[in-house]
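Student: Need a 3D model of the following:
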Amino acid sequence: MGAALTGATACSPSGGTENSPETSSPTSSENSLASVDPCTVLSETELKSFGLKSPGSPAEPLPWTPGCDYLGDPIGLRLVKNTRETVASAEQKDTWATFERTTVNGRAAATAVTKGATQAETCDAMFDAGEGMIQVRATESRPPYTVDECAEALKIAKKVEPKVPEPV
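Tutor: Numbers count the residues shown, from 1 in each chain. Prediction:
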């Protein structure tokens, strides 16, 4: 449970502690995603509605990809901000087994499965935000593996989207 959260991710750096969805204009050269904390962007009630447990555990596989891992049932979640990539640049990577463009509340978005995760019951939903993107990775927690991970990741992405800055 949660082991499938590893793998190639397109993620981003951490920043301040402010968590206001209205903070959408970056100041000077600061990244507008700096105020987004992946461990506080969703409320406890929202997490519970997806079967996720609070609090999450901070995860930072790369300095520009801070995230937060949440255990849950039927899915586990890794929520990441990435200040080095957008959906368009992520699409160009050779790491995807599937990459399907979509929208999240009108923003450029995609669902994708990494080549190494095709049997891991894992799917990423990503959408443009600030000067980068937000990535939502849903991983099915246990058999019988009947959850549509991409659909779950998109549902969560739609809850996160109003709380993060508009793409720059």
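Student: Give the buried residues for the longest helix belonging to the chain.
Tutor: The residue-count maximum for a helix in the chain (DSSP state H) belongs to helix 149-160. For helix 149-160, the neighbour count (16 or more other CB atoms under 10 Å) marks 149-150, 152-154, 156-160 as buried. (C-beta placed from N, C-alpha, C; glycine too.)
Student: Any regions of this structure where pLDDT drops low?
Tutor: 1-31, 118 (pLDDT under 70).
Student: If we use 50, what do you get?
Tutor: Applying pLDDT under 50 to the chain flags residues 1-30.
Student: picking up where we left off before, got JSON lines for the buried residues of helix 149-160, with distance to residue 142 too?
Tutor: JSON lines is the format used below for those (distance: CB to CB, whole Å):
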{"residue": "149", "distance to residue 142": "13"}
{"residue": "150", "distance to residue 142": "18"}
{"residue": "152", "distance to residue 142": "14"}
{"residue": "153", "distance to residue 142": "17"}
{"residue": "154", "distance to residue 142": "21"}
{"residue": "156", "distance to residue 142": "19"}
{"residue": "157", "distance to residue 142": "23"}
{"residue": "158", "distance to residue 142": "25"}
{"residue": "159", "distance to residue 142": "23"}
{"residue": "160", "distance to residue 142": "24"}
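Student: now, which of those residues sits nearest residue 35?
Tutor: Residue 35 lies nearest to residue 160 out of those, by CB to CB, at 13.7 Å.
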